[in-house]
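Undergrad: Any chance you could fold what I've pasted below:
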Amino acid sequence: MRKYRRQMRLSRRVVADLTSIDLNTIKAVEAGNGMMSSLTTIADALELTLIAKHAPKTDLVDGLVSLRKQQGFSVRALANRLEVARNTLIKIEAGDDTRIHNFALYAAALGAGLTILPAQQAQKSFYTGVGNESGYHGWQTPPEIFVALEKVIGRFDLDPCAPSDVAAAHAKTVFTPKTNGLRQPWWGQVFMNPPYGREIKLWLEKASSEATAGVQIVGLVPARTDTAWWHNFVVGQADVVFLRGRLAFGDGTQAAPFPSALIFWGYEPEIATMMAANLGGNVMYGTSSTVHHRV
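TA: The predicted structure follows:
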């Protein structure tokens, strides 16, 4: 929201005049806080639209409800998973006003691809925020990453968050957004390139849990060492290869706006060392002692 407002060269004061919403509320909405009614009012004034790109219906709420039912969640089960009150989800599905945080959490758990776009914009774009900020699954891992991984590890048994184009997957079994790998058991050697929005913490939590059960997992994630999910599910639990430069996702024509890292849960430290040698980067050995090794 803030990005598009700035692109339009509008101050918050101008938006306040357009919407009759006070400045503090506008600031809160741009930070992901506040109520959905405020967000939609501001979006309408700026000719922006909130959409769920992976929902089967164009109406936002109806599409989310349909997506929940497709994935086999009851309202109670999803509420328990998100650790929110059942009535919170009932209000969301009834179209009642609710907090932005709760609405976004609900959509992220379903892999709905929730994002804000200009009302006239139909084309999806990773670099205008879709791939970086939403639950979008469709951006393929750069092929050189798979070449290097398969050279060291071999072919993976499972990709639990594969793009919808399963032909592009590099694993014997894949789960797409429709089959929702967060709800499935994992086994063998797993590769994941999870959606990079708020739900990424759910994927890292799942990886950490599965690794405790003996599954070996490689994750390609943004190198966001300042986040809670990094400290909760990476530090002290996995070896990390910080990749040099910025990776090019999608069609490979433009670098991502963030650095990336490969996370290794359940592997011997030598695997991370070999991967750093193949790709270039720095290794942080998290499973034994915190040692930094430059390759």
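Undergrad: okay, now Glu210: neighbour count?
TA: Look at Glu210: counted by other Cβ atoms under 10 Å, it has 21 neighbours. C-beta: built from backbone N, CA, C; applies to glycine.
Undergrad: Also Lys69?
TA: Counted with other Cβ under 10 Å, Lys69 comes out at 12.
Undergrad: From Glu144, how far off is it?
TA: Distance of Lys69 to Glu144, given as Cβ to Cβ, to the nearest Å: 39 Å.
Undergrad: What of Ile100?
TA: Distance, Ile100 to Glu144, using Cβ to Cβ: 38 Å.
Undergrad: between those two, who's got more neighbours?
TA: Ile100 (19 against 13).
Undergrad: Quick check: Gly63 vs Lys53, distance?
TA: According to Cβ to Cβ, Gly63 and Lys53 sit 9 Å apart.
Undergrad: And for Val234?
TA: 28 Å.
Undergrad: And Ile153, by the same measure?
TA: Distance from Ile153 to Lys53, by Cβ to Cβ: 32 Å.
Undergrad: Repeat that for Arg68.
TA: Per Cβ to Cβ, Arg68 is found 16 Å from Lys53.
Undergrad: Of these two, give the one with the bigger neighbour count.
TA: Arg68 (22 against 19).
Undergrad: Against which helices or strands is whichever strand or helix holds the more buried one packed?
TA: Arg68 belongs to helix 60-70 when assigned by DSSP states H and E. If contacts are counted by 3 or more Cβ pairs under 8 Å, 6 or more residues apart in numbering; DSSP states H and E, helix 60-70 sits against strand 48-52, helix 86-93.
Undergrad: Output the ones you listed in CSV, with mean pLDDT appended to each entry.
TA: Shown next, in CSV, are the helices and strands packed on helix 60-70 (pLDDT from 0 to 100):
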stretch, mean pLDDT
strand 48-52, 85
helix 86-93, 92
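Undergrad: unless I'm mixing things up, Gly219 is touching Met192, no?
TA: Yes. With contacts counted by Cβ atoms under 8 Å, Gly219 reaches Met192, the gap being 5.1 Å.
Undergrad: burial count for Pro269?
TA: Neighbour tally, Pro269, other Cβ under 10 Å: 16.
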